[in-house]
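please find the sequence and the predicted model below.
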Amino acid sequence: MMDEIEKNIEKILENKYKDSLKILRMSKTSQELLKELKKECPHVPEKEIVSLFKSVAAGTKMVDAAIIASAHNMEYNIIHRPKREKTWIDPLFTEEARKIMKPKELMKNKKLYREFIDYISKLEAKYDDSEAPDIAIFRRRVTTFLKEHVKKEKKASEKERKTKKKEKRRKQKSDKK
């Protein structure tokens, strides 16, 4: 189903490009506009700029303005990539904390994440009646929390792994007998 949709989209885009090429061959003003846009928007692939020329009233002043605006918008988006999406806990992580565990990793570990939320909630509750504390306090506490809890998690998972290995060896020995 998805492959069929993707093929249809590709076909539509290819037809749009071919129709745009026809328009460009027939209109000198469109050819000049294309040359200008290639200079002004060097990061936008030529095929994408060409495809902008396919419209109901290509060659009219309003459509030309729309083509120019679209090309410049594409150029802007290519040059100014969106910043990486941050989670609500990102500002609380120091570099040291990030070395222990990244915010998204913490959020994926459901048990640890619940403990973290409880910890932060209790920490915030201490300051409910007073002024908001400096974020540095929260950042230090988060780093401490991760040092303590992630080490426990690693020890527990290491112990579990060793136990599984021992069980596997015992099973293999008993299977050989």
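Yep, it's here. Small disclaimer: the values here were computed from a predicted structure and weren't measured.

do I have it right that Ile67 meets Leu33?
Yes. Shown here, Ile67 and Leu33 form a contact pair, counting by CB atoms under 8 Å, at 6.7 Å. From N, CA and C alone the C-beta is placed, and that goes for glycine too.

overlap of the contact sets of those two?
Common neighbours of Ile67 and Leu33, using CB atoms under 8 Å, 6 or more residues apart in numbering, do not exist here.

so what does the helix ranked longest in the chain touch, helix or strand wise?
Secondary structure of the chain per DSSP state H: the longest helix is helix 135-176. Applying 3 or more CB pairs under 8 Å, 6 or more residues apart in numbering; DSSP states H and E, we find helix 135-176 packed against helix 95-100, helix 110-126.

with mean neighbour count added, can I get those helices in CSV?
Shown next, in CSV, are these (neighbours: other CB atoms under 10 Å):
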stretch, mean neighbour count
helix 95-100, 14
helix 110-126, 13
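
what's the closest of the ones you listed to Ile79?
Closest of the helices and strands packed on helix 135-176 to Ile79 is helix 95-100, at 28.1 Å (criterion: CB to CB).

and Tyr17, how far from Lys164?
Note on Tyr17: its distance to Lys164, by CB to CB, to the nearest Å, is 57 Å.

how about Asp19?
The spacing between Asp19 and Lys164, counted by CB to CB, is 62 Å.

more crowded one of those two?
Taking neighbours as other CB atoms under 10 Å, Asp19 and Lys164 compare with Asp19 leading, 16 against 10.
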